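Colleague: no FASTA, just this:
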């Protein structure tokens, strides 16, 4: 009864959408300030790109976005995506907190809005929308159904439960609803439980590194969900990830908050050796730190961290916490011993964050007003036994 009601609501919403007039460009709905509210209210689930015509990243996204739009529109149950020229709709952009381009937001009507957290390829966009439109997990009854799912996705998380109503199974279902970054499946089929050797566990099905991975999952303990998510984080990405605009959301949007970034010239003689030792270190810190190779061609992130080609190979740890990103740069060139020691020192708590700071000069403290830098702030202000008035300018 509940399903029938939802189906009728969906049909009614699609019928309402048919009555709304809007333009399309290559299957992407074109929004404006005049039709925005009407279109968003008429389409049950709508991904909206806020873009600027001059934005290079928007231009790069455009063909992928259009390809995704065509695929989604051709589905048996169509899904739609749209775009809005934010330079012509400044009030709407301000209302929805748009601060850069492109910004993508998912609308379920005007009252339920969330940030897009998927990748920037057509496949990523399609998978994200399909995931958002359907149930949190796919129920699979046999090996054939599971194969269809794994053939269509790089990584599938499979919950294996003898008792589909157990506490562990219930927690797994809740997890799948709360984490959009994974494709979840669920089974109680005896044949699949026997094949994967578990009656209460979670399997990550993949074809990279060492292949499928399995962990027991009883759902017991305060950290049961946290531990399971750490397992997924460690197994759902390759041991070593190459940074690109496509992999960036998976790297920085995942559950692993410590990223060991090694910047390289892939054409240099040292590259194969660096890749090998980075892979060895990755095994030791699997699930705790993500090892990332950054090619010199990824100019934006290379510039962000302030490296030049002559610095490479070089490594920096980027650790995310509530206060933002902290960087711990390795001094000198990257080698197996140097990087391994650097990562070990980070987890031992003996590294200090690297600050962008001018080198202190003698004249900084010679005048009536002392000039502070990042490297002298603690010494001259925090550790001072006198009150200090500081002007930040």
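Modeller: Thanks, I have it. What you see is a predicted model, and the numbers here were worked out from it, not measured in a lab. Numbers count the residues shown, from 1 in each chain.
Colleague: where does the stretch 251-393 of the chain have low pLDDT?
Modeller: Residues of the stretch 251-393 of the chain that meet the criterion pLDDT under 70 lie in 322-323, 357-358.
Colleague: how about the strands of it, start to end?
Modeller: In the stretch 251-393 of the chain, the segments counted as strands under DSSP state E, counting those that start in this stretch are 258-264, 290-295, 314-321, 324-329.
Colleague: Show residues contacting the third one.
Modeller: Contacts to strand 314-321, defined as C-beta atoms under 8 Å, 6 or more residues apart in numbering, come from residues 252, 257-263, 289, 305, 307, 325-330, 332-334, 338-339, 342-343, 346, 351, 354. For the C-beta atoms, the positions are set from N, CA and C on the backbone; glycine is no exception.
Colleague: Quick check on those: which are buried?
Modeller: 252, 258-263, 289, 305, 307, 326-330, 334, 338-339, 342-343, 346, 351, 354 (16 or more other C-beta atoms under 10 Å).
Colleague: For the stretch 1-150 of the chain, which segments are assigned as helices?
Modeller: Assigned by DSSP state H, counting those that start in this stretch, the stretch 1-150 of the chain shows helices spanning 2-19, 36-42, 56-73, 90-95, 122-133, 143-152.
Colleague: Please report the distance of the nearest residue in space to residue 327 that is not next to it in sequence from residue 256.
Modeller: Nearest residue to residue 327, sequence neighbours excluded (C-beta to C-beta, 6 or more residues apart in numbering): residue 354, at 4.9 Å. Here the criterion is C-beta to C-beta, to the nearest Å. By it, residue 354 lies 20 Å from residue 256.
Colleague: again with residue 22
Modeller: Distance from residue 22 to residue 256, by C-beta to C-beta: 41 Å.
Colleague: can you pull up the bridge partners for residue 262?
Modeller: residue 293, residue 315 (DSSP bridges).
Colleague: Surely it touches residue 293?
Modeller: Yes: counting by C-beta atoms under 8 Å, residue 293 is a contact partner of residue 262 at 5.7 Å.
Colleague: Quickly list what's touching both of these two.
Modeller: 274, 278.
Colleague: so how many other residues sit close to residue 179?
Modeller: 16 (other C-beta atoms under 10 Å).
Colleague: next one: residue 349
Modeller: 6.
Colleague: who's in contact with the residue lying closest to residue 49 once chain neighbours are set aside?
Modeller: Distances taken as C-beta to C-beta, 6+ apart put residue 83 closest to residue 49, at 4.4 Å, once the chain neighbours are dropped. Applying C-beta under 8 Å, 6+ apart, we find residue 83 in contact with 25, 28-31, 48-51, 65.
Colleague: Now which of the residues you listed would you call buried?
Modeller: Buried subset of those (neighbour count, 16+ other C-beta under 10 Å): 28-29, 31, 48-51, 65.
Colleague: so can I have CSV of those residues showing distance to residue 175?
Modeller: Below are those laid out as CSV (distance: C-beta to C-beta, whole Å):
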residue, distance to residue 175
28, 33
29, 33
31, 34
48, 28
49, 29
50, 31
51, 34
65, 30
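Colleague: Kind regards, and thank you for your time.
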